[in-house]
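**Q** I would like the atomic coordinates for the input below:
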Amino acid sequence: MSTEIKYALRHKKTKKLAKYDETSNAGSDFCGETTVTISGHGSRTWYADYAVEAEYVRLHGTPWYNSDLETPHHCSTFKSDEYEVVRIQITTETEPVDIKLPTKEEYWEWSYGPNGPYPNPGHLKYLQTIKGASYPSLCEMFQFFRELGLYH
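**A** Below is the predicted model:
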């Protein structure tokens, strides 16, 4: 188990932590590769390593063209006085996971065999004769595990 201390911005009324989003600036001149915008409704929680860093970000939005994860841009609805700096203790517990991916042959049998979602014995036989046939995509693996009730 490991524990780390981070700092975040919490909305005073809703008690929700500030979030951030990154958008690409590909093809734009005179700016960073991405714009990082902090708000109350982004996709990922924003954390700082130091309280002073979090307080600076709360008070000072960075122009979009210079923003980064350490100094994000404030979205138009972000109001500094509605947020407060809070200390976050993140505890991580790790344990091994027993998981075994099927071989590509097992996957093909599941997919194209008589009881599979795409029964196609001809295609199954074709795949079994190709020496360099590729492994199923990650998306296909998720479907495989969902169908078997093993996806969690």
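**Q** quick one: contacts for Leu138?
**A** Leu138 sits next to no residue when contact means CB atoms under 8 Å, 6 or more residues apart in numbering. Placement of C-beta: from N, CA and C, glycine included.
**Q** now Leu138: how far from Lys19?
**A** Relative to Lys19, Leu138 is positioned 26 Å away (CB to CB, to the nearest Å).
**Q** where along this structure do the helices fall?
**A** For the chain, helices defined by DSSP state H occupy the ranges 51-59, 104-112, 121-129, 138-147.
**Q** so can I have CSV of the ones you listed showing mean pLDDT and distance to Cys31?
**A** What follows is the helices of the chain, written out as CSV (pLDDT from 0 to 100; distance: least, CB to CB, whole Å):
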stretch, mean pLDDT, distance to Cys31
helix 51-59, 97, 19
helix 104-112, 85, 44
helix 121-129, 87, 48
helix 138-147, 79, 33
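**Q** so can I have JSON lines of those helices showing distance to Leu69?
**A** Converted to JSON lines, the helices of the chain look like this (distance: least, CB to CB, whole Å):
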{"stretch": "helix 51-59", "distance to Leu69": "10"}
{"stretch": "helix 104-112", "distance to Leu69": "38"}
{"stretch": "helix 121-129", "distance to Leu69": "44"}
{"stretch": "helix 138-147", "distance to Leu69": "26"}
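**Q** relative to Lys79, which of the ones you listed is closest?
**A** Ranking the helices of the chain by proximity to Lys79 (CB to CB) places helix 51-59 first, at 10.1 Å.
**Q** what's that closest one packed up against?
**A** When contacts are defined as 3 or more CB pairs under 8 Å, 6 or more residues apart in numbering; DSSP states H and E, helix 51-59 packs onto strand 2-11, strand 83-92.
**Q** can you list the buried residues in it?
**A** Buried residues in helix 51-59, defined by neighbour count with 16 or more other CB atoms under 10 Å: 54-55, 57-58.
**Q** now the angle between strand 2-11 and it, please.
**A** Taking axes from the mean of the first three to the mean of the last three CA atoms, to 10 degrees, one finds that helix 51-59 is oriented at 30 degrees with respect to strand 2-11.
**Q** the inter-axis angle of helix 51-59 versus strand 83-92?
**A** Going by the same axes, to 10 degrees, helix 51-59 makes 130 degrees with strand 83-92.
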